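A.B. asks: here is a sequence together with a model predicted from it:
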Amino acid sequence: MLSGMSENTEKSSSEPPIGPSPNEDKEGDRPDGEALSLPSFVAGSGTLDRLVDTARDYARAAASDNTMKAYSKDWAHFARWCRMKGVEPLPPAPEMVGLYLADLASGSGPSPALSVGTIDRRLSGLAWNYSQRGFNLDRKNRHIATVLAGIKRKHARPPVQKEAILAEDILAMVATLPYDLRGLRDRAILLLGYAGGLRRSEIVSLDVHKDDTADSGGWIEIMEKGALLTLNAKTGWREVEIGRGSKDQSCPVHALEQWLHFAKINFGPVFVGTSRDGKRALDTRLNDKHVARLIKRTVLDAGIRSELPEKERLALFSGHSLRAGLASSAEIDERHVQKHLGHASAEMTRRYQRRRDRFRVNLTKAAGL
């Protein structure tokens, strides 16, 4: 079961997709921004050509690599579906998109029915891909909107939440790790991710200093009382303060310092792969999938939820278990947790809190009943 959890030290990269020109394969992909060019009535010049290149670079940075990969797969699936039905994906036909959504929800043929969330994401992917090809997909068109509304009404379910990793769990998980170089790194990943309430992508995107690498998602500053993380996250830039723990064994800042010291890392990505013998740090930034695999492996090794079969235990935990664990374990004002996690609303923070006093504010009594 754990054979697939081997360390992945290479960060995959993909160029965002762009639509085919009339002379290209309809399912061909081009880097996002390649369609950006000067109008036909404008004479090119060195300055303008450089600005086109700059605009293309910004266009490529408009969304994350994972989002671009998902949108690329969405378009490829839709184009394949259209081909099997004997129709063309271009230009957009709301009637065909509505039929496509219905097919996804019904699970006809060998493919299983998709969840409402996945179908909604597929539709967003199609809208994005059409816009890159110079078309507009009107999601409010009745052929799309009414079908999607019916799918949501018939198939919508409460979101399935991953299990929260609580304080006692994270301590048990780090206790399973050895004190070799790889163990020091994984200990720092778990403790820093937990104490910071970080997404797995945020963990592996950290650099030692600002502007160390082009693909950096933030940097760290270690101080006497803790570590300050400056992150370029989903909701924009934010700072995360991680204070020192009560003892070295469970202190995320101490674990980070130990890893950086023994790995001899003073520039570039914070979390990188190690050599096969585990004695030397490499230059390659870890893939965020390593965090998910690490969590699942240490959950099993620590015997968490051991009353369940192994397959069910693995399905319960993911990278989000760290964020949910911090939100559920931190006995402080909810506003501080919301700011720490970078949530735009308190309602989103409450979704992460697996255990809390739901009736601490009693409006019934406050209303005089």
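C.D. replies: Received it, and whenever you're ready, just let me know what you need. Residues are numbered from 1 along each chain as shown.
A.B. asks: can we go C-alpha only for contacts and neighbour counts from here?
C.D. replies: Noted.
A.B. asks: end to end, how far does stretch 214-229 reach?
C.D. replies: With Cα to Cα, to the nearest Å as the measure, stretch 214-229 spans 17 Å from end to end.
A.B. asks: whoops, I mixed them up, stretch 124-141
C.D. replies: So stretch 124-141: terminal residues 14 Å apart, Cα to Cα.
A.B. asks: run the chain-centre distance for it.
C.D. replies: Stretch 124-141 sits 23 Å away from the centroid of its parent chain (Cα atoms, centre = their mean, to the nearest Å).
A.B. asks: and stretch 103-123, average pLDDT?
C.D. replies: Stretch 103-123 shows a mean pLDDT of 88.
A.B. asks: using CSV, list the CA coordinates for that stretch.
C.D. replies: The C-alpha atoms that make up stretch 103-123 are tabulated as CSV, following Å, rounded to 0.1, in the frame of the first residue of the first chain:
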residue,chain,number,x,y,z
ASP,A,103,-23.7,13.0,-19.2
LEU,A,104,-21.1,13.7,-16.4
ALA,A,105,-23.8,13.6,-13.7
SER,A,106,-25.5,10.5,-15.0
GLY,A,107,-22.4,8.4,-15.3
SER,A,108,-23.5,6.7,-18.5
GLY,A,109,-21.2,4.2,-20.0
PRO,A,110,-18.0,3.0,-18.3
SER,A,111,-17.3,6.4,-16.6
PRO,A,112,-18.7,6.8,-13.1
ALA,A,113,-20.9,9.8,-12.2
LEU,A,114,-18.9,12.8,-11.1
SER,A,115,-19.6,14.9,-8.0
VAL,A,116,-21.4,18.2,-8.2
GLY,A,117,-18.1,20.0,-7.3
THR,A,118,-16.2,18.3,-10.0
ILE,A,119,-18.8,19.1,-12.6
ASP,A,120,-18.8,22.7,-11.6
ARG,A,121,-15.0,22.7,-11.9
ARG,A,122,-15.3,21.1,-15.4
LEU,A,123,-17.6,23.9,-16.4
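A.B. asks: contacts for it?
C.D. replies: With Cα atoms under 8 Å, 6 or more residues apart in numbering as the test, stretch 103-123 has contacts from 71, 74, 101, 151-152, 155-156.
A.B. asks: could I get the residues you listed as TSV with secondary structure, distance to residue 163 and neighbour count?
C.D. replies: Converted to TSV, these look like this (DSSP: H, G, I helix; E, B strand; the rest coil; distance: Cα to Cα, whole Å; neighbours: other Cα atoms under 10 Å):
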residue	secondary structure	distance to residue 163	neighbour count
71	helix	28	24
74	helix	29	19
101	helix	30	21
151	helix	27	20
152	helix	25	17
155	helix	23	14
156	coil	21	13
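A.B. asks: save those as JSON lines, and put in distance to residue 199 too.
C.D. replies: As requested, these are arranged in JSON lines below (distance: Cα to Cα, whole Å):
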{"residue": "71", "distance to residue 199": "21"}
{"residue": "74", "distance to residue 199": "24"}
{"residue": "101", "distance to residue 199": "30"}
{"residue": "151", "distance to residue 199": "30"}
{"residue": "152", "distance to residue 199": "28"}
{"residue": "155", "distance to residue 199": "29"}
{"residue": "156", "distance to residue 199": "26"}
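A.B. asks: the strands in the chain, which residues?
C.D. replies: In the chain, the strands defined using DSSP state E lie at 206-207, 218-222, 226-233, 236-243, 272-274, 281-285.
A.B. asks: gap between the closest residue to residue 184 other than its chain neighbours and residue 286?
C.D. replies: Among residues not flanking residue 184 along the chain, residue 259 sits closest, at 5.4 Å (Cα to Cα, 6 or more residues apart in numbering). As judged by Cα to Cα, residue 259 and residue 286 stand 14 Å apart.
A.B. asks: show me the shaky parts of the stretch 51-200 of the chain.
C.D. replies: For the stretch 51-200 of the chain, applying pLDDT under 70 flags the ranges 109, 159-160.
A.B. asks: oh, that last question was meant for the stretch 201-350 of the chain, not what I typed.
C.D. replies: For the stretch 201-350 of the chain, counting by pLDDT under 70, the residues that fall below are 235, 327-350.
A.B. asks: where do the helices sit along it?
C.D. replies: 252-263, 289-301, 310-316, 320-329, 334-341, 346-352 (DSSP state H, counting those that start in this stretch).
A.B. asks: which residue is nearest the centroid of this structure?
C.D. replies: Residue closest to the mean C-alpha point of the chain, counted by Cα atoms, centre = their mean, is residue 201 at 5.6 Å.
A.B. asks: report the contact partners of it.
C.D. replies: Counted by Cα under 8 Å, 6+ apart, residue 201 has contacts residue 288.
A.B. asks: from residue 176, how far off is it?
C.D. replies: For residue 201, the distance to residue 176 equals 23 Å [Cα to Cα].
A.B. asks: next one: residue 219
C.D. replies: Plainly put, residue 219 is 28 Å away from residue 176 if you go by Cα to Cα.
A.B. asks: out of these two, which sits in the busier spot?
C.D. replies: Neighbours per residue (other Cα atoms under 10 Å) separate residue 219 from residue 176, with residue 219 holding more: 22 against 16.
A.B. asks: quick one: the more buried one from residue 239, how far?
C.D. replies: Computed as Cα to Cα, the residue 219 to residue 239 distance reads 10 Å.
A.B. asks: now do the shared contacts for the two.
C.D. replies: Applying Cα under 8 Å, 6+ apart, one finds that residue 219 and residue 239 are jointly contacted by 229-231.
A.B. asks: for the residues you listed, pick the one with the most neighbours.
C.D. replies: When neighbours are taken as other Cα under 10 Å, the top entry among those is residue 231 (23 neighbours).
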